[in-house]
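Trainee: Okay, sequence plus prediction incoming.
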Amino acid sequence: MKKDKLRHSFPLRRGLSASEAAIYIGVGTTTFQNLVGDKMMPKPRGAYSCRLWDVDDLDASFKNLPIIGDDKEVDTWADLDQK
């Protein structure tokens, strides 16, 4: 059985390429690489010359991304406490 055919027989793999990891979290490859560079997404794991992203690592990093519109409550009196 060819590798591509075998690959599609599994619904999800543990290790993903950069382009697959980008699709997994819902962004383009360039944005994904920027997120990795900015430490918002994990670095890959290595197996010989392969760079693979673990889906558990991706899930944990994705859950740590900020939620839009979910601003932390701002203490407007904090500056008075510093005096």
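Mentor: That came through fine. Please read all numbers here as calculations on a predicted model, not as lab measurements.
Trainee: thought residue 16 was touching residue 24?
Mentor: Yes. Applying Cβ atoms under 8 Å, one finds residue 16 in contact with residue 24, separated by 5.9 Å. All C-beta atoms are positioned from the backbone trio N, CA, C, and that covers glycine.
Trainee: Show me which of those two is the more surrounded one.
Mentor: The neighbour count for residue 16 versus residue 24, taken as other Cβ atoms under 10 Å, is higher for residue 16 (21 against 16).
Trainee: Tell me how far the nearest residue to that one once chain neighbours are set aside lies from residue 42.
Mentor: Spatial nearest neighbour of residue 16, excluding adjacent residues (Cβ to Cβ, 6 or more residues apart in numbering): residue 53 at 4.9 Å. Distance of residue 53 to residue 42, computed by Cβ to Cβ, to the nearest Å: 7 Å.
Trainee: When the two are compared, which one has more neighbours?
Mentor: Counted by other Cβ under 10 Å, residue 53 and residue 42 do not tie: residue 53 has more neighbours, with 25 against 17.
Trainee: Output the below-cut-off pLDDT ranges for the chain.
Mentor: Applying pLDDT under 70 to the chain flags the ranges 1-12, 71-83.
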